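[1] this is a predicted model, with the sequence first.
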Amino acid sequence: MVINDVDLMTISAVDASRYTIKVARVLFSKEELINGCLADYRGLRDGKVIINDEKIKTIKGAEKPQ
């Protein structure tokens, strides 16, 4: 899977957690990483950016072994 000109299969990491973090850095903008929240977030939304559901589905799919 290629996202933002990066093939996610070429990303290497020592464990699944670190791999997911590296994929998140490719998939999400800096603002989403800092201020992002899911659509069902129940806290204060001041300054929060709702993360697109498609991006969440992508990262969930990327962390599952093929």
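    Thanks, I have it.

[2] need the contact partners of the helix or strand hosting Lys60.
    Using DSSP states H and E, Lys60 maps to helix 53-62. Identification of contacts with helix 53-62 by Cβ atoms under 8 Å, 6 or more residues apart in numbering yields Met1, Ile3, Leu8, Tyr19, Thr20, Val23, Ala24, Leu27, Phe28, Glu32, Leu38, Ala39. For every residue, glycine as well, the C-beta is placed using N, CA and C.

[3] again, only using 7 Å
    Applying Cβ atoms under 7 Å, 6 or more residues apart in numbering, the contact partners of helix 53-62 are Met1, Ile3, Leu8, Thr20, Val23, Ala24, Leu27, Phe28, Ala39.

[4] cool, and stretch 11-29?
    Contacts for stretch 11-29 (Cβ under 7 Å, 6+ apart): Ile3, Asn4, Val6, Leu8, Leu33, Gly36, Lys55, Thr58, Ile59, Ala62, Glu63.

[5] averaged pLDDT, the longest helix along the chain. What do you get?
    The longest helix of the chain (DSSP state H) is helix 16-27. Averaged across helix 16-27, the pLDDT comes to 90.

[6] do stretch 48-62 as well
    On average, stretch 48-62 scores 84.

[7] mind giving me the ChimeraX command for buried ones among the contacts of helix 53-62?
    Of the contacts of helix 53-62, the buried ones can be selected in ChimeraX as follows, counting by 16 or more other Cβ atoms under 10 Å:
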select :8,20,23,24,27,28
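
[8] picking up where we left off before, how big is the angle separating the helix holding Lys60 from helix 16-27?
    150 degrees (axes from the mean of the first three to the mean of the last three Cα atoms, to 10 degrees).

[9] hang on, the earlier thing: following the longest helix of the chain, which helix or strand shows up next?
    helix 30-35.

[10] contacts for that next one?
    Contacts for helix 30-35 (Cβ under 7 Å, 6+ apart): Ala24, Gly47, Lys48, Val49, Ile51.

[11] from Met9, how far out is Lys30?
    24 Å (Cβ to Cβ, to the nearest Å).

[12] restricting to C-alpha, output the longest helix of the chain in PDB.
    Taking Å, rounded to 0.1, in the frame of the first residue of the first chain, the C-alpha atoms of helix 16-27 are listed here in PDB:
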ATOM      1  CA  ALA A  16       4.200  -3.500  15.800                       C
ATOM      2  CA  SER A  17       3.800  -0.500  18.000                       C
ATOM      3  CA  ARG A  18       6.800   1.300  16.500                       C
ATOM      4  CA  TYR A  19       5.600   0.300  13.000                       C
ATOM      5  CA  THR A  20       2.200   1.800  13.700                       C
ATOM      6  CA  ILE A  21       3.800   5.100  14.900                       C
ATOM      7  CA  LYS A  22       5.900   5.300  11.700                       C
ATOM      8  CA  VAL A  23       2.800   4.600   9.500                       C
ATOM      9  CA  ALA A  24       0.900   7.300  11.400                       C
ATOM     10  CA  ARG A  25       3.700   9.800  10.700                       C
ATOM     11  CA  VAL A  26       3.200   9.100   7.000                       C
ATOM     12  CA  LEU A  27      -0.600   9.000   7.000                       C
END
